[in-house]
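next one to model:
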Amino acid sequence: MVEYDEYDLLELFENEPKMLYAEDVGIYEYNRKDAHGYTFEMNLYAYDATCILSFFHENLKFPLYEINFQKIEIIVCKEDKLFIHQANSKNDIVVYFKPTYTLRFEESIFLK
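Down below sits the predicted model:
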């Protein structure tokens with residue numbers, strides 16, 4: 001199961017997650033839209049340790065990108081950034097929310 005603080009995610013995404021199935025299934029959709037029509041979306045499969053990150057624009061039919069990450073251990077929100085750590089990885093997936101949505105791979109904050 002993925003370790004995360006639901007209140008931190010609520011604060012970072014600025015809205016409550018959408019439950020995609022029954023509450024006990026543990027599948028949530030978080031999203032945040034900016035003033036330029038871009039939407040960043042995270043589908044979290046808490047019990048399957050999977051996370052799908054998608055980036056959309058309102059004028060496009062398909063996402064700009066959609067990436068599926070597995071073996072997620074922990075998700076942390078810190079300073080307008082989302083840190084996602086996978087098992088056996090020296091790097092974290094880091095999503096910057098400001099000034100624009102940016103996805104990077106950086107040395108893990110969990111291994112220091």
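
end to end on stretch 65-79, go ahead and measure it.
24 Å (C-alpha to C-alpha, to the nearest Å).

how about stretch 76-87?
15 Å.

so what touches the lowest-mean-pLDDT helix or strand in the chain?
Within the chain, confidence by mean pLDDT, DSSP states H and E is lowest for strand 18-19 among all helices and strands, at a mean of 90. With C-beta atoms under 8 Å, 6 or more residues apart in numbering as the test, strand 18-19 has contacts from 25, 27, 28, 29, 31. All C-beta atoms are positioned from the backbone trio N, CA, C, and that covers glycine.

got the buried residues for the following helix or strand past that strand?
Per DSSP states H and E, the first helix or strand lying C-terminal to strand 18-19 is strand 27-33. For strand 27-33, burial by neighbour count (16 or more other C-beta atoms under 10 Å) applies to 27, 28, 30, 31.

what's near enough to touch the third one?
It refers to residue 30. Residue 30 neighbours (C-beta under 8 Å, 6+ apart): 9, 13, 15, 17, 41, 42, 43, 44.

could you list the low-pLDDT ranges of the chain?
22-23, 112 (pLDDT under 70).

and the spatially most central residue of it, what are its bridge partners?
Of all residues in the chain, the one closest to the mean position by C-alpha atoms, centre = their mean is residue 42, 4.1 Å from it. Per DSSP bridges, the residues bridged to residue 42 are residue 30, residue 53.

then residue 38?
residue 57.

I figured it was touching residue 60, is that so?
No - using C-beta atoms under 8 Å, residue 38 is not in contact with residue 60; the gap is 9.9 Å.

what residues are up against residue 13?
30, 31, 32, 42.

doesn't residue 11 belong to a helix?
Yes - counting by DSSP: H, G, I helix; E, B strand; the rest coil, residue 11 is found in a helix.

cool, thanks, talk later.
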